[in-house]
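Q: Let me see the structure of the following:
(2 chains)
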Amino acid sequence: MKIMYINNDGAGFADHIEIESGTTVAQLFTTKLPHGRPGDYLIRVNRQSTTSEYTLQEGDRVSITPTKIEGAIFLDRTNQTTGGVWEPENDSTHTTLPAS
Amino acid sequence: MHSGGPFFLERENEQMKKRNFDRRCIVRTANALLEHYRQIRKPPIDLCRRHLESHWQEIERQERRLQKAKQKSLTSANRTCQKQLHRALQRLIHDENILVTQIESALEPRQTPSLRTLYDELHTLTEEFEHYEFDLWTKTISVFTDEIILEDVNLGTFEIRLAWTKLREGQDFDYEVIAQSPNPAANSEETIHPHVESRSLCEGDGSQAIASALKQGRVCDFFLIIHQILKTYNSGSAYVQIENWSGVPCMECGDINPQQDCCDCNQCEGTLCDTCVGYCEDCQMPRCMECMTRCFECESHFCGSCVECCEECDESFCHTCLNEDLCPTCLEEKANEEENEEETINLSKSEPIQVPADQSRQETDPAIHTVCVGETVVAS
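A: Residues are numbered from 1 along each chain as shown, chains lettered A, B, ... in the order given. Next up, the predicted model:
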């Protein structure tokens, strides 16, 4: 059966996925985040809090958001590829070779 | 049905009115957001192509320089040109990759979230956060957090304000983090949170998730992610460490003081409070006690550059107390020694000893002439 799965960890994921009928929230979590602890995440089904034993239904919307997301200072790299005007052509760069 | 009579009925009516009002607010806000999503345009690709053209021109220029260097057998210039050509190619590849991503993004169908989705998101928002505000006049949505306490430092409550107006070109949304009862860092008024400066949040690990949530209309997720970032302290990358929030510790006494009331030792760069900092008597540079030396004579404190050692006793003295590379004591000793030597010399230059007459006649015989000063004939 198909459900909407949203994972706000890392780069983020939001798409429909196929799961087995009878899958619980706990089982889905273990499958998708095998190294995670449920206590470190906000888990919502259809935008509501839920229990780990809840059995997912067709069309359910499951979202998982980490409770610990680290902010950080990062250097602004947006201008790294821009710079000053290129050095204009001069005698040292202008070729005198005949065109090949 | 409540059995409490008119009072409870009135309260229920009030609550129903509030719910209806909220619902209307949510619907209107959802509509406004939907309108904004529909108007979001894809960035033009033309600008990106012009950028790549300038890269190609640079590559061609470097190629010409390289050929010229090869022609003239300039080994060093050849190597430099190769490096510059390599860098130019790398920049081209980097920007081409960005362009590919932009084109892919432009080609994929723009999924405008539905009104139902936006309504559900905003409704969920009202349940996740106790305090919120939808302002259609300023086109903003705000949520208000509870007190954020990081490592026993209470930073107060914050407003996370999402706006879809007064945006910069290419920007779909803008947001700010505003302290409601600011408790900024002692040395930076603008730093209201270890990861917020000038109302701008450093998203760190949440950066892509935030962008993804906004792009897909998951407004509630957007606010939740930012809320979690505010509740998480990353000591490895903070504008101001939480340990130094109220100030910095003095390396001598350990007291916490605001940064502006402290100064650094000029030698070891340790932080010192006003009370513990010392100053070289000569150059007046700030120093900690460890980095200062006491003049052996005047007992004032100086930095290492303003003292020298006496040549004789090797103790440290300031330039005032040192004279001809000697301390006063050694200088005096030296002066005494020189004085003694002089006296000795003077004694040896004084009047010769008077000898009796008969002895003096004997001395005229093949007398032993005095050889050395002070010697006289010894009668056999």
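Q: For the most centrally placed residue in chain B, which residues are in contact?
A: Central residue of chain B (C-alpha atoms, centre = their mean): B:Y239, 8.1 Å from the mean position. The contact partners of B:Y239, by C-beta atoms under 8 Å, 6 or more residues apart in numbering or on different chains, come to A:73, B:185, B:188, B:191, B:194-197, B:202. (Each C-beta comes from the backbone N, C-alpha and C, glycine too.)
Q: If we go by neighbour counts, what in stretch B:144-157 is buried?
A: Within stretch B:144-157, the residues that qualify as buried are B:144-145, B:148, B:150, B:153, B:155-156, counting by 16 or more other C-beta atoms under 10 Å in any protein chain shown.
Q: which stretches of the chain have low pLDDT?
A: No chain was given, so I picked chain A. A:73-100 (pLDDT under 70).
Q: you looked at the wrong chain, it should be chain B
A: B:1-21, B:41-50, B:98, B:101-102, B:104-106, B:108-110, B:168-170, B:350-380.
Q: Look at the residue nearest to the centre of chain B and give its secondary structure.
A: Of the three states, B:Y239 takes coil under DSSP: H, G, I helix; E, B strand; the rest coil.
Q: ok, and the closest non-adjacent residue to the residue positioned nearest the centre of chain A?
A: Taking C-alpha atoms, centre = their mean, the centroid of chain A lies closest to A:A11, which sits 1.7 Å from it. Among residues not flanking A:A11 along the chain, B:Q208 sits closest, at 4.2 Å (C-beta to C-beta, 6 or more residues apart in numbering or on different chains).
Q: Break down the stretch 1-150 of chain B into its helices, ranges please.
A: With helices called from DSSP state H, counting those that start in this stretch, the stretch 1-150 of chain B shows them at B:6-39, B:46-71, B:75-107, B:115-128.
Q: can I get those in a markdown table with mean neighbour count?
A: Shown next, in a markdown table, are those (neighbours: other C-beta atoms under 10 Å in any protein chain shown):
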| stretch | mean neighbour count |
| --- | --- |
| helix B:6-39 | 13 |
| helix B:46-71 | 15 |
| helix B:75-107 | 14 |
| helix B:115-128 | 18 |
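Q: Export these to CSV and append columns for distance to chain A.
A: What follows is those, written out as CSV (distance: least, C-beta to the nearest C-beta, whole Å):
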stretch, distance to chain A
helix B:6-39, 13
helix B:46-71, 5
helix B:75-107, 5
helix B:115-128, 4
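Q: need those helices in CSV with distance to B:Y233, can you?
A: Conversion of these to CSV gives the following (distance: least, C-beta to C-beta, whole Å):
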stretch, distance to B:Y233
helix B:6-39, 32
helix B:46-71, 38
helix B:75-107, 32
helix B:115-128, 22
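Q: and B:T320, which of those is closest to it?
A: helix B:75-107 (54.7 Å; C-beta to C-beta).
Q: Let me see the ranges of the strands in chain A.
A: Secondary structure of chain A, counting by DSSP state E: strands at A:2-7, A:13-18, A:41-45, A:48-49, A:61-66.
Q: Let's have the ones you listed in a markdown table, adding mean neighbour count and distance to chain B.
A: Output for those, formatted as a markdown table (neighbours: other C-beta atoms under 10 Å in any protein chain shown; distance: least, C-beta to the nearest C-beta, whole Å):
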| stretch | mean neighbour count | distance to chain B |
| --- | --- | --- |
| strand A:2-7 | 17 | 7 |
| strand A:13-18 | 12 | 6 |
| strand A:41-45 | 19 | 7 |
| strand A:48-49 | 10 | 8 |
| strand A:61-66 | 22 | 5 |
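Q: Tally up the residues packed near B:C306, please.
A: 21 (other C-beta atoms under 10 Å in any protein chain shown).
Q: returning to what we had before: need phi/psi at the residue nearest to A:A11.
A: Phi and psi for B:Q208, reported as degrees, to the nearest 10, are phi -70, psi -40.
Q: Make sure it is actually in contact with A:D9.
A: No. The pair B:Q208 and A:D9 fails to qualify as a contact (C-beta atoms under 8 Å) at a distance of 10.1 Å.
Q: coming back round to it: could you export the strands of chain A as a markdown table, including distance to B:N78?
A: Shown next, in a markdown table, are those (distance: least, C-beta to C-beta, whole Å):
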| stretch | distance to B:N78 |
| --- | --- |
| strand A:2-7 | 52 |
| strand A:13-18 | 49 |
| strand A:41-45 | 57 |
| strand A:48-49 | 68 |
| strand A:61-66 | 53 |
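Q: before we move on, back to that, ok, B:Q208 and A:D9, which is more surrounded?
A: Neighbour count, other C-beta under 10 Å: between B:Q208 and A:D9, A:D9 has more, with 19 against 13.
Q: ok, for the more buried one, nearest residue in space, not its chain neighbours?
A: A:P66 (5.1 Å).
Q: beta partners for the one you found?
A: Applying DSSP bridges to A:P66 gives these bridge partners: A:Y41.
Q: from what I can see it touches A:D40, true?
A: Yes. If you go by C-beta under 8 Å, A:P66 and A:D40 touch, sitting 6.2 Å apart.
Q: Quick one: the helices in chain A, in order.
A: Using DSSP state H, the helices of chain A run over A:25-32.
Q: which among the contacts of B:Y239 end up buried?
A: Applying 16+ other C-beta under 10 Å to these, the neighbour count classes B:185, B:191, B:194-197, B:202 as buried.
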